[in-house]
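[1] Pasting a predicted model and its sequence here:
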Amino acid sequence: MSENSPGKKIGIKEIAKIAGVSIATVDRVLNNRKDVSESTRKKIKDLIKEHNYQPNIYARSLSVKNNLSFAVLIPKTSQQTGYWDLCLQGINKGIQEYSNFGINIQVFLYDQEDVNTFEKLYAAVLSGNFNAVIIAPIFIKETELFVEECKKQKIETLFINSDIKGCSSMGYIGPDLTSTGRLAANLTSYLVKGKSTLLILNIARGLQNYAYLNTKIDGYSNYLKDKSADYDIIVKDIPSNNYDEIEMALLRLENEIDPDLIFVTNSRVSVVGKFFDEHPELSKPAIIGFDFLHENVNYLAKGTIDFLICQRPDKQGYMALNYLYRYFLLKEEKENFKPMPIDILTIENYLFYEN
């Protein structure tokens, strides 16, 4: 077997020898450092790919032990939805896996209805000597200020679940929100025909902090417009988490609009399912909403909800930590956007679905 045959494991020393450069130059390329010409960098990267060079991750983990720390700043689970609990499950899976490489990972959970809790915790992150922070940017203005402070301290930032374009240093991992809206519109076209009345509902307290829902709505409306579909589309907000208040708002909307279909833009579609279950005297419209949560699946199984669109919050949490691991330890390049799969659940297939 020759010295550099495909069957032999190759190291930095061999890569340097083949490329005709120093070991230090190869190391600079592996660690994305400067002071290497583009032609040399490309040559070394091509050799790495050709010889399937794999860095010694365990050796690297020893070198970063007690020196590489990630923060996670996301909402805590609320009584209204278990969405963020799923995200946290994915993060905990990542913590269990990547802590073995000597990485310190700390989770900070804020109240998505209280901006003061977000500000208090991001101050803790800034004083915590972290290399990177994963952020769910509910509070846009405050998140932008936080990211600016992170830049000053050379802390990398990564968004999950929703994005603020061009703000974070490492991009965004989560659903393509325009595509989720367009998918909901596509499902709408199967459920109701033209001349129908479509009610788009935003249900949550503090809706001013959920600007990303407008991206879904635009995707939904533009899809139907592109298809020249003759629908009457009405958008309404119910800025409450209290079921009694939501019930009164839905009764009023049913009386005023009498929709043929309701599209709930977030994971709180179960309250609409509950409403129609409790009011059998009303004609139930078709209902589309988001996320594989226990309370939502219950109404899907009953046939009250027609479709659930799932955005894989668990996978978002895990993939965010995986991305930081690959960037800091494997020295892979940054990605601006990592879209998550978008799944459709119906009464026929929900039993076989796993987050």
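    Thanks, I have the structure now.
[2] Let me see the ranges of the strands in the stretch 151-300 of the chain.
    With strands called from DSSP state E, counting those that start in this stretch, the stretch 151-300 of the chain shows them at 156-160, 172-174, 197-203, 232-238, 261-264, 286-290.
[3] could I get those as CSV with mean neighbour count?
    Placement of C-beta: from N, CA and C, glycine included. Conversion of the strands of the stretch 151-300 of the chain to CSV gives the following (neighbours: other Cβ atoms under 10 Å):
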stretch, mean neighbour count
strand 156-160, 23
strand 172-174, 25
strand 197-203, 23
strand 232-238, 17
strand 261-264, 26
strand 286-290, 25
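[4] now those strands in CSV, with distance to residue 92 and mean pLDDT?
    Listed next are the strands of the stretch 151-300 of the chain as CSV, based on distance: least, Cβ to Cβ, whole Å; pLDDT from 0 to 100:
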stretch, distance to residue 92, mean pLDDT
strand 156-160, 14, 97
strand 172-174, 17, 95
strand 197-203, 28, 97
strand 232-238, 32, 96
strand 261-264, 28, 98
strand 286-290, 22, 98
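[5] Number of residues surrounding the residue nearest to residue 320 when sequence neighbours are not counted?
    The shortest distance from residue 320 to any residue other than its chain neighbours is 4.6 Å, reached at residue 134 (Cβ to Cβ, 6 or more residues apart in numbering). Neighbouring residues of residue 134 were enumerated by other Cβ atoms under 10 Å; the total is 29.
[6] ditto for residue 305
    Residues near residue 305, counting by other Cβ under 10 Å, number 27.
[7] what about it, is that helix, strand or coil?
    coil (DSSP: H, G, I helix; E, B strand; the rest coil).
[8] got the contact list for it?
    Remark: with contacts taken as Cβ atoms under 8 Å, 6 or more residues apart in numbering, residue 305 is in contact with 269, 270, 272, 273, 287, 288, 289, 296, 299.
[9] can you tell me how far the closest residue to residue 187 other than its chain neighbours sits from residue 334?
    Using Cβ to Cβ, 6+ apart and skipping the chain neighbours, the partner closest in space to residue 187 is residue 307 (5.0 Å). Distance check for residue 307 against residue 334: by Cβ to Cβ, to the nearest Å, it reads 35 Å.
[10] Please say which of these two ends up with more neighbours.
    Set side by side, residue 307 and residue 334 give different neighbour counts by other Cβ under 10 Å, the larger being at residue 307 (22 against 13).
[11] for the helix or strand where residue 94 lies, the distance to its chain's centre please.
    According to DSSP states H and E, residue 94 maps onto helix 83-98. The gap between where helix 83-98 is centred and where its chain is centred comes out at 12 Å by Cα atoms, centre = their mean, to the nearest Å.
[12] isn't there a strand covering the residue nearest to residue 320?
    Yes - judged by three-state DSSP, residue 134 forms part of a strand.
[13] ok, it to residue 128 distance?
    When distances are taken as Cβ to Cβ, residue 134 and residue 128 turn out to be 14 Å apart.
[14] now swap in residue 330 and tell me
    When Cβ to Cβ is the yardstick, residue 330 and residue 128 sit 24 Å from each other.
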